[in-house]
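Engineer: using only what follows, build the 3D model:
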Amino acid sequence: MKKEISNLDIDRIIEMAWEDRTTFEAIQLQFGLKEQEVIDLMRTEMKASSFKMWRERVQGRKTKHEKLRNFTEGRFKCSRQRQINNNKISKR
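Structural biologist: Modelled structure (predicted):
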């Protein structure tokens with residue numbers, strides 16, 4: 001049984017999938033989609049050429065898989081950047 005995902009969530013999943021340092025595990029934690037389900041979603045939601053470009057970019061990228069990362073900190077964060085909790089940006 002496939003669960004329904006809102007258009008807003010689909011947009012966010014696609015955005016997270018394109019980000020280099022956002023792991024598939026983070027997407028699964030937040031949206032409950034496994035790596036293959038993210039790939040399938042990207043295939044259906046994107047143009048064929050964009051999907052192909054994304055797959056070439058993501059395939060073998062160590063930063064997309066938590067177990068392959070060689071660093072413990074997730075990423076650099078500017079002191080002026082807003083805090084993000086559960087996909088919602090909090091006010092300062």
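
Engineer: okay, CA-based contacts and neighbour counts for the rest of this
Structural biologist: Will do.

Engineer: residues in contact with stretch 9-17?
Structural biologist: Identification of contacts with stretch 9-17 by CA atoms under 8 Å, 6 or more residues apart in numbering yields 22-24, 27, 31, 38, 42.

Engineer: buried subset of those?
Structural biologist: Using 16 or more other CA atoms under 10 Å as the burial test, those include 22-24, 27, 31, 38, 42 as buried.

Engineer: can I get the residues you listed in a markdown table including pLDDT?
Structural biologist: Shown next, in a markdown table, are those (pLDDT from 0 to 100):
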| residue | pLDDT |
| --- | --- |
| Thr22 | 85 |
| Thr23 | 86 |
| Phe24 | 88 |
| Ile27 | 90 |
| Phe31 | 92 |
| Val38 | 94 |
| Met42 | 95 |
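
Engineer: out of those residues, which one sits closest to Lys64?
Structural biologist: Nearest to Lys64 out of the buried ones among the contacts of stretch 9-17 is Thr23 (CA to CA; 4.2 Å).

Engineer: any idea what sits nearest that closest one, other than its immediate chain neighbours?
Structural biologist: Distances taken as CA to CA, 6 or more residues apart in numbering place Lys64 nearest to Thr23, at 4.2 Å, with adjacent residues excluded.

Engineer: quick one on the thing from earlier: can you put the contacts of stretch 9-17 in JSON lines and add secondary structure?
Structural biologist: Below are the contacts of stretch 9-17 laid out as JSON lines (DSSP: H, G, I helix; E, B strand; the rest coil):
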{"residue": "Thr22", "secondary structure": "coil"}
{"residue": "Thr23", "secondary structure": "coil"}
{"residue": "Phe24", "secondary structure": "helix"}
{"residue": "Ile27", "secondary structure": "helix"}
{"residue": "Phe31", "secondary structure": "helix"}
{"residue": "Val38", "secondary structure": "helix"}
{"residue": "Met42", "secondary structure": "helix"}
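
Engineer: for this structure, what spans make up the strands?
Structural biologist: 84-85, 88-89 (DSSP state E).
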